[in-house]
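Visitor: Could you work out the structure for the sequence below:
(one chain, ligands or ions: 1)
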Amino acid sequence: MDTMTVFDLSVTDALLSTTRAVRKRLDLDRPVPAEVINECLDLSQQAPTGSNRQGWAWLVVTDKDKRAALGEMYHRGAMAYLNQAEKDAAQMDDGGQTSRVIDSALYLADKLQDVPVHVIPCINVGLMPDNPPRAAWAGVMGSIMPAVWSFQLALRARGLGSVLTTLHLSQEKEAAALLGIPDDFMQVALLPVAYTMGTDFKPAKRPPIGDITHWEQW
Ligand SMILES: Cc1cc2nc3c(=O)[nH]c(=O)nc-3n(C[C@H](O)[C@H](O)[C@H](O)COP(=O)(O)O)c2cc1C
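Guide: So this is what the prediction gives:
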């Protein structure tokens, strides 16, 4: 490590570049202790928020019946989208990458109820105006997604995996009624959480940053 390097980059860069969307490699049989979820949530609380408000709440669902109900809602929300996405993916010239994602997403839609822990991050939108301007959305989502990602990174570092999903949100009200989520809190995702089968995840192919980065001027 050179003297200016604060952390071991072989570890931090591997964590940042190999925290994947995990679906088929979630271990549905291995129990997840509550302590490990609490530890990862605790770390996520260090994420930034607008006005330093931490206006979030985290629903952790392990109850079998509730997971079954969420799984059913997710399936309902997911299938229309995924069936169309599967057809679109078949036409794409991307070496099958999108088709593999859709195949994996379809697997999750069938198995979600069996994933041992569901985590639903929520953000307080009580102060949001009706028809909010773009800047308000940036403030709201920007005040929860960094914490969500920190949570996912902390899971990965401990041998667990997750995937950020949004396909149950078309049934958001039904999920809120099931879990007693108050009206002024918006659900932003559902994260299925489990230990992963193996831990050898790899960096994904992404566009070169030269194509998307504009220094000084677009
Ligand atoms: C805003 C957002 C919504 C997503 N929604 C879903 C979803 O509903 N279901 C799902 O299986 N994956 C979902 N994903 C996961 C993406 O498919 C995944 O991050 C992407 O394919 C890249 O995979 P990687 O993270 O392994 O590189 C979502 C990701 C994001 C950022």
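Visitor: Residues touching the helix or strand bottoming out on mean pLDDT in the chain, excluding its own?
Guide: The weakest-scoring helix or strand in the chain, judged by mean pLDDT, DSSP states H and E, is helix 134-141 (a mean of 91). For helix 134-141, the surrounding residues in contact (Cβ atoms under 8 Å, 6 or more residues apart in numbering) are Gly50, Ile123, Val125, Met128, Pro129, Pro132, Met186, Val188. Any C-beta I mention is one placed from the backbone N, CA and C, and that applies to glycine too.
Visitor: how many degrees apart are the next helix or strand after it and helix 134-141 in direction?
Guide: The element immediately downstream of helix 134-141 (helix or strand, assigned by DSSP states H and E) is helix 145-157. Interaxial angle of helix 145-157 relative to helix 134-141 (axes from the mean of the first three to the mean of the last three Cα atoms, to 10 degrees): 30 degrees.
Visitor: packing partners for helix 145-157?
Guide: Here helix 145-157 touches helix 9-18, helix 34-44, strand 117-124, strand 160-162, strand 191-195, going by 3 or more Cβ pairs under 8 Å, 6 or more residues apart in numbering; DSSP states H and E.
Visitor: Can you list the buried residues in the following helix or strand past the second one?
Guide: Meaning helix 34-44. Downstream of helix 34-44, the first helix or strand assigned by DSSP H and E is strand 56-61. Going by neighbour count (16 or more other Cβ atoms under 10 Å), the buried part of strand 56-61 is Trp56, Trp58, Leu59, Val60, Val61.
Visitor: and strand 56-61, how far out from the chain's middle?
Guide: When distances are taken as Cα atoms, centre = their mean, to the nearest Å, strand 56-61 is centred 13 Å away from the chain's centroid.
Visitor: Could you do stretch 109-117 as well?
Guide: On the basis of Cα atoms, centre = their mean, stretch 109-117 sits 14 Å off its chain's mean C-alpha point.
Visitor: pLDDT score for the residue minimising distance to the centre of the chain?
Guide: What sits nearest the mean C-alpha location of the chain, by Cα atoms, centre = their mean, is Leu164, with 1.9 Å. pLDDT, Leu164: 98.
Visitor: Identify, by residue count, the longest helix of the protein.
Guide: helix 64-90 (DSSP state H).
Visitor: I'd like the average pLDDT over the next helix or strand after it.
Guide: Next in sequence after helix 64-90, counting helices and strands by DSSP H and E, comes helix 97-111. For helix 97-111, mean pLDDT is 94.
Visitor: what's the angle between the longest helix of the chain and strand 117-124?
Guide: 80 degrees.
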